[in-house]
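**Q** okay, here's the prediction I keep looking at, along with the sequence it came from:
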Amino acid sequence: MSGRQRAAGDASSGVARVPAGPERGAENGTRAHVARLILEHGPITASTLGERLGLTPAAIRRHLDNLMHEGMVEARDARPHGRRGRGRPARVFAITEAGRDAFVHGYDDLASSAMRFLAEKAGPEAVTEFARRQVADLERRYRPLLEQVRPQQRVRLLAEALSSDGYAASAGEAPAPGGGEQLCQHHCPVAHVAAEFPELCEAEVEVFGRLLGTPVRRLATIAHGDGVCTTHVTPRDINTDEMKTCQSPGDGGQRHTEDV
């Protein structure tokens, strides 16, 4: 049974409905919050989850065991930052593809078929035009919000706006040399379609650049197998073509990309 069959999401809230089982009500609601927190914050330890949700170690372990049994969450060894002493590596929990499916990807098959039909009948230029039209509404709604704040505050405000639309976004300082900020989207409602039609991602990045008023680069995408869609935002006082690198949560590596 596929992840889409085993878990269905609420399109209006972006919160996954955990598959039915012997537990009901508040128990299922808490498990959904656990899954949501793992989705939004990337690989995370059981102790951190328990602290954020106010759950005992035994309770958080029960929820994690159930989520892993359903295939929504997986455990892995945390990659150390710097030197680590002796002892067993810390364990972190990450969302799986089936778990990501639970947060609603929409009518993926129908959308992909429609995009293929458009490409076949009208050519790739029509796909690009369609993608830009799709994100035009996002730009129209976000622009008045961002214009009300100082440029230095816009990345964080953009992350908040994206989160309200179900993208589970966050913002912070970029870890790469050269400074700048990093915008991360931990959920993509159209990831499966964007894997086949990257024009959707490209149009989104174009909008981010216009809204923020500075060059941006897409460094990683969920559509291409990364754990998060990561966008580097160039400092407003820097105009350089130097490549930036970004480490996606959970992959422990660096991913290089061409300028967008």
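**A** Okay, I see it.
**Q** so what's residue 75 bridging to?
**A** Note on residue 75: beta-bridge partners by DSSP bridges are residue 93.
**Q** any idea how far residue 92 is from it?
**A** Per CB to CB, to the nearest Å, residue 75 is found 7 Å from residue 92. Every residue, glycine included, has its C-beta placed from N, CA and C.
**Q** repeat for residue 98
**A** Counting by CB to CB - residue 98 and residue 92 are separated by 18 Å.
**Q** quick revisit: ok, residue 75 and residue 92, which is more surrounded?
**A** Ranked by neighbour count (other CB atoms under 10 Å), residue 75 and residue 92 place residue 92 first, with 21 against 13.
**Q** nearest residue to residue 30 other than its sequence neighbours?
**A** Counting by CB to CB, 6 or more residues apart in numbering, residue 63 is the residue found nearest to residue 30 once chain neighbours are left out, at 6.3 Å.
**Q** may I have the phi/psi pair for residue 226?
**A** Backbone torsions of residue 226, given as degrees, to the nearest 10, read phi -80, psi 160.
**Q** in the sheet, who's paired with the nearest residue to it once chain neighbours are set aside?
**A** Residue nearest to residue 226 in three dimensions, not counting chain neighbours: residue 220, with 3.8 Å by CB to CB, 6+ apart. Following DSSP bridges, residue 220 is listed with bridge partners residue 230.
**Q** run the chain-centre distance for stretch 43-50.
**A** The chain centroid and the centroid of stretch 43-50 are separated by 18 Å under CA atoms, centre = their mean, to the nearest Å.
**Q** ok, stretch 136-150 next?
**A** Worked out by CA atoms, centre = their mean, stretch 136-150 lies 21 Å from the chain centre.
**Q** residue numbering should commence at 26 henceforth.
**A** Sure, I'll start numbering at 26, so the last one becomes stretch 161-175.
**Q** so what touches that stretch?
**A** Under the criterion CB atoms under 8 Å, 6 or more residues apart in numbering, residues 179, 182, 183, 186, 190, 229, 232, 235, 236, 237 lie in contact with stretch 161-175.
**Q** and what of stretch 221-234?
**A** For stretch 221-234, contacts defined as CB under 8 Å, 6+ apart pick out 137, 140-141, 144, 149, 152-153, 155-157, 159-161, 163-164, 183, 208, 215, 218-219, 240-243, 246, 248, 254, 256, 258, 285.
**Q** which of the residues you listed fall in helices?
**A** Per DSSP state H, helices hold the following members of the contacts of stretch 221-234: 137, 140-141, 144, 149, 152-153, 155-157, 159-161, 163-164, 183, 218-219.
**Q** the stretch 26-175 of the chain: helices as residue ranges?
**A** If DSSP state H, counting those that start in this stretch is used as the criterion, the helices of the stretch 26-175 of the chain fall at 28-31, 51-66, 71-78, 82-94, 122-126, 133-147, 149-171.
**Q** looking at those, which is closest to residue 200?
**A** helix 51-66 (16.0 Å; CB to CB).
**Q** mean confidence (pLDDT) on the closest one, please.
**A** In this model, helix 51-66 has a mean pLDDT of 80.
**Q** if any of the contacts of stretch 221-234 are buried, give me the PyMOL selection for them.
**A** Remark: buried members of the contacts of stretch 221-234, expressed as a PyMOL selection using 16 or more other CB atoms under 10 Å:
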select buried, resi 137+140+144+152+153+155+156+157+160+163+164+183+208+215+218+219+240+241+242+243+246+248+254+256+258+285
